[in-house]
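# predicted structure and sequence below. I'll ask about it afterward.
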Amino acid sequence: MDGQKEKKYFKLLEKLIDHSSRATDFSRETFVGYLDEFCELFHLEKGVTEFYLSPKLEAEKKGEILIDRDTGKGEKVLLRRRVITPASAVIIGTLYVANDAPPFPDDELEKIDIVLRMLLAFVARNRLQRSVYQLAFYDSDNYPNLRTFLRYVEGIMDNGQLYGNTVLCFNLKHFSLINQDIGRNCADFALRSFFNRLEEEIGDQGVICRMGGDNFIMIFQSSLQDSVLKILAGTPVTYSDDPTDTYRVMLSARAGVFPVPEGYKLLTPGQIMETVYPSIQLAKMQDDDVVFYDEKLFTNREMVLQVRRRFQSALTTNEFHAFYQPKVNVHTGEIVGAEALCRWNHDGTWIMPMDFIPVLEMNMDICKLDFCILDVVCRDIRRWLDEGRQVVRISVNLSRKNLVDADLLTHILEVIDRHQVPHEYIEIELTETTTDVAFRDLARVVTGLQHSGISTSVDDFGNGYSSLNLIRTIPWNVLKIDRSLLPISNDDEAAVTSMLYKHVVAIARDIGIDCITEGVETKKQIEILRENNCPIAQGFYFDMALPVDEFEKRLDRNPYPEML
């Protein structure tokens, strides 16, 4: 290599090394610019880099292939380097010359090899940076994650542009059912289509990120609020990447909405999530499509924090009590059972379930409460037996969240047997579920309880998406029919409800399941139960949930002849 060429080479190499050490302003375009100068210097016609996440993907040619330079004359391989990184990624660099290019002296080949190795090091670093960014700001399904949302909010906060934006949390309605109907792959494609539609709507005036599953949070210019809510109200989306497939599914969502007011004080991006989150929780609990944030929700948020702070100590100090609502035979007035309902007494004040149950259902605390009440009920039954009192079967509700416990049956039996309660005095109430996995868990638990001699009932049947498969394939003892199936007027809707009620009772009786109707409040409804051969009623017509001492007195003067 002549002196002038060598001098130019080292000058370019020095610039390349100096520039590459400043990672923040060293882009691929910058590197390719330097590479072009080297290629011109050595008459290299083509440069190609390949990147594969693993040797297996290399063999399948599934990776990135980048043409860094191509004059159209590169036909002969001059140098090829293959590197496997510590993370098992494969990086390959290949330099080409023209077919008629003269042989290269060894010193020039060595210098070219140095540049090629630097090229591979750059590709490795560049890909690592991209991977770190991907892991930090995207989830495993390539949706922007919560960090992306918080970073965006921090950016507009720093620029003083938070006012004029709307923050919105949403959760897709009945997505588990859609998953069952069209399959997981198609459902995932539909979810992506719905996401893309929203992302297209807000453009560069906001960001939409996934919090997990089918739960999302977004922030966008408030001028787009109506159009975004229109999409969330119901949008047909395709669920196949086949362009000839025209089948679509309708997706809609429940949303909590917080239009940021002027002068809103926000210390951290995370606080804006704490502000909007109670509204989406309220939308789910009340089955509303859209709930806007207001000061009442702020008060509710404070209540949520209070409940969570007090809950653990309340368990320790026995603040939770079982109240008993009688189940009555509509023909004889006899109390044949009761449902245990939870009440919380804190510092002498009774806290109603609606003020703490929804909070505990936000996490697994509800499971601790369920077992606390089961323990209280077993203690009461044991005492009644020891005192020689009349004992009826008591039903205890278990949240469906308990179904994730693989040892749920063992844990239930441990509580009952610790108090030496005969199994026939306990009934476990479980609510219906819509997912395949939870359905299998439900069937497993119910079957196990049956084999242990413990009665089971399906709660609130008819309230929601009840499936006859629920009572056909799971061996329940009792079907608790929701009050929504009891007619309360004489219009056409009541006539349809009456027919549904009649057939649900008939089906249950035909397959050997006992029936009880909840929410019975009038003499007329008692007559409806008799007419349709549903023998057991539960509701305010007879009694509300009673403290244990009042329930004991009610049992002592059993039955209710004056009510029939």
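On my side now, so go ahead. Numbering: from 1, shown residues only.
# show me what counts as buried in stretch 320-331.
320-330 (16 or more other CB atoms under 10 Å). Heads up, the C-betas are built off the backbone N, CA and C, glycines and all.
# which ones are touching the nearest residue to residue 292 once chain neighbours are set aside?
Distances taken as CB to CB, 6 or more residues apart in numbering put residue 257 closest to residue 292, at 4.9 Å, once the chain neighbours are dropped. Residues in contact with residue 257 (CB atoms under 8 Å, 6 or more residues apart in numbering) are 166-168, 225, 229, 276, 279, 290-293.
# any chance of those in JSON lines, with secondary structure too?
Listed next are those as JSON lines, based on DSSP: H, G, I helix; E, B strand; the rest coil:
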{"residue": "166", "secondary structure": "strand"}
{"residue": "167", "secondary structure": "strand"}
{"residue": "168", "secondary structure": "strand"}
{"residue": "225", "secondary structure": "helix"}
{"residue": "229", "secondary structure": "helix"}
{"residue": "276", "secondary structure": "helix"}
{"residue": "279", "secondary structure": "helix"}
{"residue": "290", "secondary structure": "strand"}
{"residue": "291", "secondary structure": "strand"}
{"residue": "292", "secondary structure": "strand"}
{"residue": "293", "secondary structure": "coil"}
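# count of neighbours near residue 8?
16 (other CB atoms under 10 Å).
# where's it, which helix or strand?
helix 3-20 (DSSP states H and E).
# what's the average pLDDT for that helix?
Taken as a whole, helix 3-20 has a mean pLDDT of 76.
# elements contacting it?
Under the contact definition 3 or more CB pairs under 8 Å, 6 or more residues apart in numbering; DSSP states H and E, helix 3-20 sits against helix 28-42, helix 106-137.
# buried stuff in the longest one?
Of the residues in helix 106-137, 108, 111-112, 115-116, 118-120, 122-124, 126-127, 137 count as buried by neighbour count, 16+ other CB under 10 Å.
# gap between it and the chain center?
40 Å (CA atoms, centre = their mean, to the nearest Å).
# so for that helix, mean pLDDT?
The model assigns helix 106-137 a mean pLDDT of 76.
# cool, stretch 258-271 as well?
What stretch 258-271 shows for mean pLDDT is 75.
# quick one on the thing from earlier: columns distance to residue 555 on top of the helices and strands packed on helix 3-20, output as CSV?
Listed next are those as CSV, based on distance: least, CB to CB, whole Å:
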stretch, distance to residue 555
helix 28-42, 81
helix 106-137, 62
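# and the biggest strand by length in the chain, C-alpha only, in CSV?
When the chain is parsed with DSSP state E, its longest strand is strand 335-346. What follows is strand 335-346 as a C-alpha-only set of coordinates in CSV (Å, rounded to 0.1, in the frame of the first residue of the first chain):
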residue,chain,number,x,y,z
ILE,A,335,-86.0,-22.9,57.3
VAL,A,336,-84.0,-25.5,55.4
GLY,A,337,-80.7,-23.6,55.1
ALA,A,338,-79.0,-20.3,55.1
GLU,A,339,-76.4,-18.3,53.1
ALA,A,340,-73.5,-16.8,55.0
LEU,A,341,-72.9,-13.2,54.0
CYS,A,342,-69.9,-11.2,55.1
ARG,A,343,-70.1,-8.0,57.3
TRP,A,344,-67.2,-5.9,58.6
ASN,A,345,-67.4,-4.3,62.0
HIS,A,346,-64.6,-1.7,62.4
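# in it, what's buried?
335-344, 346.
# ok, now stretch 36-56?
38-39, 41-42, 44-53.
# residue 383: neighbouring residues, count only.
Residues near residue 383, counting by other CB under 10 Å, number 14.
# could you point out which element follows the helix or strand encompassing it?
Here residue 383 sits within helix 365-387, counting by DSSP H and E. For helix 365-387, the following helix or strand on the C-terminal side (DSSP H and E) is strand 393-398.
# that following strand pairs with which strands?
strand 335-346 (parallel), strand 426-431 (parallel) (DSSP bridges).
# list the residues that contact residue 307.
Neighbours of residue 307 in contact, by CB under 8 Å, 6+ apart: 355-356, 359-360.
# what's the answer for residue 43, then?
Residue 43 neighbours (CB under 8 Å, 6+ apart): 97-98, 101.
# make TSV out of the buried residues of stretch 320-331 and add distance to residue 375.
Shown next, in TSV, are those (distance: CB to CB, whole Å):
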residue	distance to residue 375
320	10
321	12
322	9
323	15
324	15
325	19
326	22
327	21
328	26
329	29
330	32
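# list the contacts for residue 187?
Applying CB under 8 Å, 6+ apart, the residues near residue 187 are 175, 178-179, 239.
# now do the buried residues in the one helix or strand it maps to.
Using DSSP H and E, the element containing residue 187 is helix 184-202. Residues 186-187, 189-195, 198, 201-202 are the ones in helix 184-202 that count as buried (16+ other CB under 10 Å).
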